[in-house]
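>>> build the 3D model from these lines:
(one chain, ligands or ions: 1)
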Amino acid sequence: MKTSSARVPRKKPKLGQHFLKDTAAAIRIVDALGDISQSTVLEIGPGGGALTSMLVKRARRVIAVETDRVLAAQLRMNFSLTPNIEVIEGDILAIDLDTLFGPRPGSTRPGMEHVPERVRVVGNLPYYITSDILLRLFEYRKYFESIVIMVQKEVADRLAADPGSRDYGLLSATTQLYASVEELFTLPPEAFAPPPKVHSTVVRLTPSGRVEKLGVNEPEFIRFLKLSFGQKRKTLWNNLRTRYASEDLTRAMLRAKIKPTVRAEALSLEQNAQLFRALTQPAAAQVS
Ligand code: SAM
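The predicted structure is shown next:
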């Protein structure tokens, strides 16, 4: 026998479902996107629509990606008379963002080159996949003008941390390669139903073009950063020794003016890039 509870969507803890119930906070999040009247907004994990209902009133177009089948169906029903929203039932880590925002067939003819639309991204993220979502957004950063997301407070602190500070690590470095980070405001667990165990912070990421300025091979530099930050307690030298010969490291550190006793966390991205170039490019080929 079917009971009514079978039809009522329940919170699925595995999907990070903590729904925002603080309306003032929802307004602040949407405000943080700026003037969106001419923009497309990609919403990640719309859930029950706390942000979505405001977005459709302000944005030119909203694309909302929700992985929970029941919630996606409810959203479609709730917004069935709203022409500027498309609800996609899917996993934000799997959907093809090039198909959503890239060139349309025929738009690559000479004189019709596709200029990527500059989309704004918003989402009260499922915390269990925050880093994966960030990496995916950075991979497709050519489409994004700004990203306003709610993350666990400790993660926000790491995203925004300066080199040399306690919270600075691999996540800070990889994020700051691609975007400048602003921490906007923090909410207590009670702002959500059901309340999570942690505080949550809204951050705005603005793609900065820093990785392009560093002039490094991106995948190789990221591999190098992962190695440099490998073991937090080890010095940079000891972490890099697992891949590079001592004499090459000594020469490269001298050339990049970096002390062997330093830890990766203390270096700016520019210093890390300098060392990376000194290790991977012959001296004559180096620019700086
Ligand atoms: N935006 C709503 C709010 O503020 O009340 C819901 C936020 S809740 C923290 C996260 C939402 O992301 C949930 O609705 C969950 O189902 C959805 N979600 C979880 N994993 C997802 C994924 N891989 N792709 C898209 N949505 C996902």
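>>> which residues touch Leu15?
67-68, 126 (CB atoms under 8 Å, 6 or more residues apart in numbering). The C-beta positions use only the backbone N, C-alpha and C, and glycine is treated the same way.
>>> state the distance from it to Gln176.
29 Å (CB to CB, to the nearest Å).
>>> what count of nearby residues applies to Ile129?
For Ile129, the number of neighbouring residues by other CB atoms under 10 Å comes to 19.
>>> I meant to write Ala193 there.
13.
>>> got it, and Gly123?
Residues lying near Gly123 (other CB under 10 Å) number 24.
>>> would you mark the buried spots in stretch 169-181?
170-179, 181 (16 or more other CB atoms under 10 Å).
>>> within reach of the ligand, which of the contacts of Leu15 are there?
67-68, 126 (CB under 6 Å from any ligand atom).
>>> just the residues you listed: which are in strands?
Using DSSP state E, no member of the ones next to the ligand among the contacts of Leu15 sits in strands.
>>> TSV for the residues you listed, including pLDDT and distance to Ser200?
Formatted as TSV, the ones next to the ligand among the contacts of Leu15 follow (pLDDT from 0 to 100; distance: CB to CB, whole Å):
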residue	pLDDT	distance to Ser200
Thr67	97	20
Asp68	97	19
Pro126	92	12
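>>> what is the nearest of these to Asp132?
Pro126 (10.0 Å; CB to CB).
>>> residues touching the closest one, list them.
Pro126 neighbours (CB under 8 Å, 6+ apart): 15-17, 45.
>>> can I get those residues in JSON lines with pLDDT?
Shown next, in JSON lines, are the contacts of Pro126 (pLDDT from 0 to 100):
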{"residue": "Leu15", "pLDDT": "90"}
{"residue": "Gly16", "pLDDT": "90"}
{"residue": "Gln17", "pLDDT": "93"}
{"residue": "Gly45", "pLDDT": "98"}
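>>> so which of those is the most crowded?
Gly45 (24 neighbours).
>>> right, and that residue touches Val121 too?
No: if you go by CB atoms under 8 Å, Gly45 and Val121 don't touch, sitting 11.3 Å apart.
>>> test my guess that Val203 contacts Leu159.
Yes: using CB under 8 Å, Val203 makes contact with Leu159 at a distance of 6.0 Å.
>>> show me the shaky parts of the stretch 101-250 of the chain.
Within the stretch 101-250 of the chain, the segments meeting pLDDT under 70 span 105-116.
>>> that one: helices as residue ranges?
130-139, 153-160, 170-178, 210-214, 218-228, 236-240, 246-255 (DSSP state H, counting those that start in this stretch).
>>> so which elements touch the second one?
For helix 153-160, the packing partners by 3 or more CB pairs under 8 Å, 6 or more residues apart in numbering; DSSP states H and E come out as helix 170-178, strand 179-187, strand 200-207.
>>> tell me the angle of it relative to strand 200-207?
Put simply, helix 153-160 runs at 20 degrees to strand 200-207, going by axes from the mean of the first three to the mean of the last three CA atoms, to 10 degrees.
>>> hmm, back to that, out of the helices and strands packed on helix 153-160, which comes closest to the ligand?
The closest approach between the ligand and any of the helices and strands packed on helix 153-160, judged by CB to the nearest ligand atom, belongs to strand 200-207 at 8.6 Å.
>>> centre of the chain to that closest one, how far?
Relative to the mean C-alpha coordinate of its chain, strand 200-207 is positioned 9 Å out (CA atoms, centre = their mean, to the nearest Å).
>>> same for it, what does it pack against?
Against strand 200-207 (3+ CB pairs under 8 Å, 6+ apart) you get helix 23-31, strand 144-152, helix 153-160, helix 170-178, strand 179-187.
>>> can you list the strands that that strand pairs with?
Within its sheet, and counting by DSSP bridges, strand 200-207 is paired with strand 144-152 (antiparallel), strand 179-187 (antiparallel).
>>> now the last one against helix 130-139, angle please.
Orientation of strand 179-187 against helix 130-139 (the same axes, to 10 degrees) gives an angle of 140 degrees.
>>> how about the first one?
Between the axes of strand 144-152 and helix 130-139, defined by the same axes, to 10 degrees, the angle is 180 degrees.
>>> is the ligand contacted by strand 144-152?
No: using CB under 6 Å from any ligand atom, strand 144-152 stays clear of the ligand, coming no nearer than 7.2 Å.
>>> who touches stretch 91-100?
Contacts for stretch 91-100 (CB under 8 Å, 6+ apart): 42, 44-45, 63, 65, 67, 88, 129, 132-133, 136, 140, 143.
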